[in-house]
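Undergrad: Next one to model:
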Amino acid sequence: MNITIVGTGYVGLVTGTTLAEMGNSVYCVDIDEKKVEGMKQGIVPIYEPNLEEMFLRNIQANRLFFTTNLKEALDKSEVIYLALPTPPGEDGSADLSYVLKVAGDIGAMMTEYKVVVNKSTVPVGTADKVRETIAAKTDIPFDVVSNPEFLREGFAVEDSMNPARVVVGASSQKARDIMADIYQPFTNTGVPIIFMDEKSSELTKYAANSFLAVKITFMNEIANYCEKVGADVDKVRLGMGSDDRIGHRFLFPGIGYGGSCFPKDVKALIKSGKQEDFNFKILEATESVNQQQKVILVSEIEKYFDGILTGKKIAVWGLAFKANTDDIREASSLDNIKILLEKGAEIVAYDAIAEENVRKILGDKISYAKDMYSALDGADCLFIATEWPEFKNPNFKMMAERMNHRAIFDGRNMFPLELPESNGFFYKSIGRRTVK
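TA: Numbering: from 1, shown residues only. The predicted structure follows:
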């Protein structure tokens, strides 16, 4: 089948590449000419494990194409996926301007039946708005479908190739049949395709992400309480996670959630609720607690240095909001760095994958190390903000030799307590006893 993907961010590019892998001819559209030219040359504009190999393979197989010309791609395809940004406005609501602009363009350009698929995370009722926008520009029949993505950054290719389920919101049987054909290579292995109305499909995505944000935040609250009463959050989460009604995933405490999905989706659902005179009290509390959790270790660092951070050199390991991505949107690292800089600290950071994106924001306000150990040279303490695998088993002897103080503030609970303890480090993590 010929398919167009409008938008080549994390969702659009991964979706387009995996659909091409399934034998479809996929035309990826983006307004950024430099980005499109780079992709034509085989340059992947984002970091996502296992994407580059599949990306190059499908370019070489003439199944994956890139263009800035929406009309050209539209004319070649029956199905148009909208994978466009829906950033939060100042009031938390999702900005639909990109989605509705492209919808209007499609309506003005189309010459035959199309299925327009909302892949972006959008508020309940967006399919209706897209439908109205297209209909205002054309009398040609078309259908609008909601097909939310459930991709985890860092595992997006795996999740796209092996989905737990496919959710499709569609009113017409013709659109349902077309979507079933597209996803047949996935569903013939037993993956369920769940058909529903568009509004239920739109809400399913928000409900799923918001629930996971609540789960993470609840575990962080439990971790903070563990410190008060002398319990160990690692043991608590193992006991909780062994209950199959709860499960082990998303029970790891840390310095809050970030990224492009959870913060935005929680805010958007809260705002959508208020528009219907409904208050999501749990989500409002989740958002508030998460903001506090993201910087919970700053006060601990201050306490360690008797309240004086001026002139202290702090090494930061990790800048991405999570491991296996270069995404720094809503990253806890940035919240902490901002406050530490304001308090007079000097920051030297290491993150081989996310550094370039941070440079675009912070420039020379901080220093950047070429590797994890050189970041520690003359450091007064280490702050761990991202759970990159390379940080899991460091050489503590080498760390001690390079640092001014043997002090680690771990926002991701990377080490069993015995490791820093046996190497003479002060070690503050989340929800566990402090090693002194």
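Undergrad: burial count for A268?
TA: 25 (other C-beta atoms under 10 Å). Heads up, the C-betas are built off the backbone N, CA and C, glycines and all.
Undergrad: Can you check the pLDDT for the closest residue to K137 other than its chain neighbours?
TA: Excluding its sequence neighbours, the residue lying closest to K137 (C-beta to C-beta, 6 or more residues apart in numbering) is G107, at 3.0 Å. With respect to pLDDT, G107 scores 97.
Undergrad: Report the secondary structure element holding G107.
TA: If you go by DSSP states H and E, G107 is part of helix 97-109.
Undergrad: quick one: buried residues of that helix?
TA: Y98, V99, L100, V102, A103, D105, I106, G107, M109 (16 or more other C-beta atoms under 10 Å).
Undergrad: Quick one: list the elements packing against that helix.
TA: Judged by 3 or more C-beta pairs under 8 Å, 6 or more residues apart in numbering; DSSP states H and E, helix 97-109 is in contact with helix 70-76, strand 79-82, strand 114-118, helix 126-135.
Undergrad: okay but T386 is in contact with T325, surely?
TA: No - with contact defined as C-beta atoms under 8 Å, T386 does not count as touching T325 (9.3 Å).
Undergrad: And the two? Which one has more around it.
TA: Each of T386 and T325 has its neighbours counted (other C-beta under 10 Å); T386 has more, 29 against 26.
Undergrad: can I assume G9 is in contact with T86?
TA: No - with contact defined as C-beta under 8 Å, G9 does not reach T86; the gap is 10.9 Å.
Undergrad: who has more neighbours, the two?
TA: Taking neighbours as other C-beta under 10 Å, G9 and T86 compare with T86 leading, 23 against 16.
Undergrad: gap between the residue lying closest to that one once chain neighbours are set aside and M240?
TA: Nearest non-adjacent residue to T86, counting by C-beta to C-beta, 6+ apart: A94, 4.4 Å away. To M240, A94 is 33 Å away according to C-beta to C-beta, to the nearest Å.
Undergrad: More neighbours: which of those two?
TA: A94 (24 against 17).
Undergrad: Need the per-residue pLDDT for E153.
TA: pLDDT, read off for E153, is 88.
Undergrad: before we move on, what about Y27?
TA: The predicted local confidence for Y27 is 98.
Undergrad: looking at it, it is touching M1, isn't it?
TA: No - the pair Y27 / M1 is not scored as a contact, 11.6 Å apart, by C-beta under 8 Å.
Undergrad: Look at those two and report which has more neighbours.
TA: Y27 (25 against 14).
Undergrad: Going by secondary structure, that one is in what exactly?
TA: Judged by DSSP H and E, Y27 forms part of strand 25-29.
Undergrad: And for that strand, what's in contact with it?
TA: The contact list for strand 25-29 (C-beta atoms under 8 Å, 6 or more residues apart in numbering) reads 1-8, 12-13, 16-17, 19-20, 39, 58, 62-70, 72-73, 76-77.
Undergrad: I figured I216 hits R249, correct?
TA: No - counting by C-beta under 8 Å, I216 stays clear of R249, with 10.0 Å between them.
Undergrad: Which of those two has more residues huddled nearby?
TA: Higher neighbour count among I216 and R249: I216, with 22 against 9, using other C-beta under 10 Å.
Undergrad: List phi and psi for that one.
TA: For I216, the backbone dihedrals are phi -60, psi -50 (criterion: degrees, to the nearest 10).
Undergrad: Show me the domain layout of the chain.
TA: 2-196, 205-293, 295-428 (automatic domain parsing).
Undergrad: Could I get those domains in a markdown table, plus columns for distance to V435?
TA: Formatted as a markdown table, the domains of the chain follow (distance: least, C-beta to C-beta, whole Å):
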| stretch | distance to V435 |
| --- | --- |
| domain 2-196 | 29 |
| domain 205-293 | 13 |
| domain 295-428 | 4 |
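Undergrad: For T434, find the nearest of those domains.
TA: Between T434 and the domains of the chain, the shortest separation by C-beta to C-beta is 5.1 Å, and it involves domain 295-428.
Undergrad: ok, now which ones touch K199?
TA: V124, G125, A127, G169.
Undergrad: what about the stretch 151-300 of the chain, any weak spots by pLDDT?
TA: Applying pLDDT under 70 to the stretch 151-300 of the chain flags no residue at all.
Undergrad: Could you give the number of residues near A136?
TA: A136: 11 neighbours (other C-beta under 10 Å).
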